[in-house]
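1. kindly generate the corresponding structure for this input.
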Amino acid sequence: MAILDADKEGFLRPKTSLVQTDGRAARNLEGRVLLYADRITASLEYAIGETNRRRARQEEYNKKHGITPASVKTRITDALGSVYEQDYVTVDIGVGGAKQLVGKSLRDHIVSLDKAMKKAAADLEFEEAGRLRDEIRRLEAHELGLDKAGVSIKAAEQSGAKPKRKKR
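-> Predicted coordinates for the structure are as follows:
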């Protein structure tokens, strides 16, 4: 990593930013930092001193515990494979196997679903909370007599309106 005009004070060149940049480069076994400057400023002096102090402390620790620094050798495709697998989740939308609402009013059922949705969200079960939210919306639309597009079913039948075909 190279820092041009390292002696110029300003954004990304105060002592804390220089130390942070050095630390990021140090995380790689072959990491190097080149500081290009016309003069050594107080920030540069501090950053170089702090880096040397930390390096000495790390080398002492490594020597004491018999640690040899090595780069991580993880295959990128293996690391990303699990991420891709997590993108494919089958979510039950609750339409097919809905229980019969014997002895319950629709409003009471919606209230109980709302409580279950909030509990699922609090338990970080977001797929279940989303499924319950969709079920609540479907039931509320049914209660209001709306179709999927949010149009009153009765009004659509009376006007004789037919669904428009999508243009290509």
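
2. which element follows the least confident helix or strand in the chain by mean pLDDT toward the C-terminus?
-> Between all helices and strands in the chain, the lowest mean by mean pLDDT, DSSP states H and E belongs to helix 76-87, at a mean of 56. Stepping forward along the backbone from helix 76-87, the first helix or strand reached (DSSP states H and E) is helix 106-122.

3. what's next to that following helix, contact-wise?
-> Defining contact as CB atoms under 8 Å, 6 or more residues apart in numbering, one finds that helix 106-122 is touched by 101, 126, 128-129, 132-133, 135-136, 139-140, 142-143. Any C-beta I mention is one placed from the backbone N, CA and C, and that applies to glycine too.

4. what residues sit buried inside that helix?
-> For helix 106-122, the neighbour count (16 or more other CB atoms under 10 Å) marks 110, 113, 117, 120 as buried.

5. pLDDT wise, what is the third one at?
-> When you say that, I think you mean M117. Listed pLDDT for M117 reads 93.

6. ok, the residue nearest to it when sequence neighbours are not counted - how many residues close by?
-> Of all residues not flanking M117 in the chain, L132 sits nearest, at 3.8 Å (CB to CB, 6 or more residues apart in numbering). L132 has 22 neighbouring residues, counting by other CB atoms under 10 Å.

7. from the contact counts, what lies against the helix or strand where L132 lies?
-> For L132, the host element (DSSP H and E) is helix 126-144. Applying 3 or more CB pairs under 8 Å, 6 or more residues apart in numbering; DSSP states H and E, one finds that helix 126-144 contacts helix 106-122.

8. between helix 126-144 and the helix it packs on, find me the angle.
-> Counting by axes from the mean of the first three to the mean of the last three CA atoms, to 10 degrees, helix 106-122 points 160 degrees away from the direction of helix 126-144.

9. send me helix 106-122 as PDB with only the CA atoms.
-> What follows is helix 106-122, C-alpha atoms only, in PDB (Å, rounded to 0.1, in the frame of the first residue of the first chain):
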ATOM      1  CA  LEU A 106     -62.000 -13.800  11.300                       C
ATOM      2  CA  ARG A 107     -61.000 -10.700  13.200                       C
ATOM      3  CA  ASP A 108     -59.900 -12.800  16.300                       C
ATOM      4  CA  HIS A 109     -57.900 -15.000  14.000                       C
ATOM      5  CA  ILE A 110     -56.200 -12.000  12.400                       C
ATOM      6  CA  VAL A 111     -55.300 -10.600  15.900                       C
ATOM      7  CA  SER A 112     -53.800 -13.900  16.900                       C
ATOM      8  CA  LEU A 113     -51.800 -14.000  13.700                       C
ATOM      9  CA  ASP A 114     -50.600 -10.500  14.300                       C
ATOM     10  CA  LYS A 115     -49.400 -11.500  17.800                       C
ATOM     11  CA  ALA A 116     -47.600 -14.600  16.400                       C
ATOM     12  CA  MET A 117     -46.000 -12.400  13.700                       C
ATOM     13  CA  LYS A 118     -44.600 -10.000  16.300                       C
ATOM     14  CA  LYS A 119     -43.300 -12.800  18.400                       C
ATOM     15  CA  ALA A 120     -41.600 -14.400  15.400                       C
ATOM     16  CA  ALA A 121     -40.000 -11.100  14.500                       C
ATOM     17  CA  ALA A 122     -38.800 -10.600  18.100                       C
END
